[in-house]
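Asks: I need the structure of the sequence given here:
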Amino acid sequence: MRSMTGFGSGAVEEKGVSLRAEVRAVNHRHLQLKLRLPPEFTHVEPDVEELVRAHLERGAVTVSVFLSVAGAAVEVEVDGAAAARYHKELVKLAKELGLAPNVSLDTLCSLPGVVGSRVGEKEHAREARLLLKVVKAALDDLGVMREREGKALASDLAKHAAAVERVLKTVEKRMPTVVREHQQALEKRVTELLDGRYQLQPADLAREAALIADKLDVSEELSRLNSHMAQLDALFERTGPVGRQLDFLVQELLREANTIGSKCNDAAVAHAVVEIKTHIERLREQVQNVE
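Replies: Below is the predicted model:
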């Protein structure tokens, strides 16, 4: 079991090129990916996305990559023609606006396309390879953290699942008594109402007692709850993403618990159902963190 939240980082340096990657992940129903790569690596985005999808199933994931190139490793390229065109147009605009044509070299150098670096095809391929390498390292680091958090989640989920199973046993044990008490209460009430004026037919009483037993019968709900709990225990032991299955099962647990609470008019059972629903709610909250 793995958590959906976590942080991972990686770094690599080769021939004056330093790359650092950070991967942050939080809860999300599906896999939602946001990439923040240096502009020169936009062509690598599909490869990065494929790499992330190979490692993660769910979560809102942000991948940030930071590039640093040593000065000696950079071949600077200045486009003088582009700077001249910029200068000409800026001077023209200044005259039209009635402003002094004060265009500095710093301003020209900061404009797109004036100053850049000359990088060959081989260099581009090497840097792309390094980027994928550093992203994978960050994803591996994230995976370690998610697994560590997942162990804590599994422990907490198992604790609340055990509590649900424990309370379920008390409800199962209580139900025959609930039916019997309601039948006794019916017989007593009818006897009081008749006050000896009429003779109560055993068949009539048996029919009403059967109706009460049928109305209070929650055996199907208890059986389904026990089945769901067994599936829950099995998922705790399974490797790989189980968050969606756990989410569905917890919803079914809550549905059955609500049905028992609405069908069984008994204070002790009502208190037990409240306790069961409290633990199920805790399960529901924690399951949202499971990948």
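Asks: mind checking the SS state of Leu19?
Replies: Of the three states, Leu19 takes strand under DSSP: H, G, I helix; E, B strand; the rest coil.
Asks: identify the bridge partners of it.
Replies: In this entry, Leu19 is beta-bridged to Val12, Leu67, by DSSP bridges.
Asks: and it, how close does it get to Asp141?
Replies: 14 Å (CB to CB, to the nearest Å). Placement of C-beta: from N, CA and C, glycine included.
Asks: compare neighbour counts for the two and give me the winner.
Replies: Leu19 (24 against 18; other CB atoms under 10 Å).
Asks: ok, that one to Leu153 distance?
Replies: Counting by CB to CB, the gap from Leu19 to Leu153 is 32 Å.
Asks: try Glu77
Replies: On the measure of CB to CB, Glu77 and Leu153 end up 52 Å apart.
Asks: and those two? which has more neighbours close in?
Replies: Leu153 (24 against 11).
Asks: which other helices and strands contact the helix or strand hosting that one?
Replies: In the assignment (DSSP states H and E), Leu153 maps to helix 121-194. On a contact count with 3 or more CB pairs under 8 Å, 6 or more residues apart in numbering; DSSP states H and E, helix 121-194 meets strand 6-14, strand 17-26, helix 45-55, strand 59-69, helix 202-216, helix 219-237, helix 243-263, helix 267-287.
Asks: and the third one, which residues are buried?
Replies: With burial defined by 16 or more other CB atoms under 10 Å, the residues of helix 45-55 counted as buried are 48, 51-52, 55.
Asks: does anything pack onto it? Which helices or strands?
Replies: Using 3+ CB pairs under 8 Å, 6+ apart, helix 45-55 is in contact with strand 31-36, strand 59-69, helix 121-194.
Asks: mind listing residues that contact it?
Replies: Contacts with helix 45-55, where a contact means CB atoms under 8 Å, 6 or more residues apart in numbering, come from 23, 31, 33, 35, 37, 61, 63, 128, 131-132, 135-136, 139-140, 142-143.
Asks: are any of those buried, and if so which?
Replies: Using 16+ other CB under 10 Å, the buried members of the contacts of helix 45-55 are 23, 31, 33, 35, 37, 61, 63, 128, 131-132, 135-136, 139, 142-143.
Asks: burial count for Glu281?
Replies: 13.
Asks: which regions of this protein sit below the pLDDT cut-off?
Replies: Applying pLDDT under 70 to the chain flags the ranges 71-76, 116-124, 182-183, 186-188, 190-216.
Asks: let's see 90
Replies: Within the chain, the segments meeting pLDDT under 90 span 1, 13-18, 29, 38-43, 67-129, 170-224, 233-243, 259-270, 288, 291.
Asks: can you tell me the centre-most residue of it?
Replies: By CA atoms, centre = their mean, the chain has its centre lying nearest to Asn27, at 3.3 Å.
Asks: still on that earlier bit, of the contacts of helix 45-55, closest to Val103?
Replies: Leu37 (32.4 Å; CB to CB).
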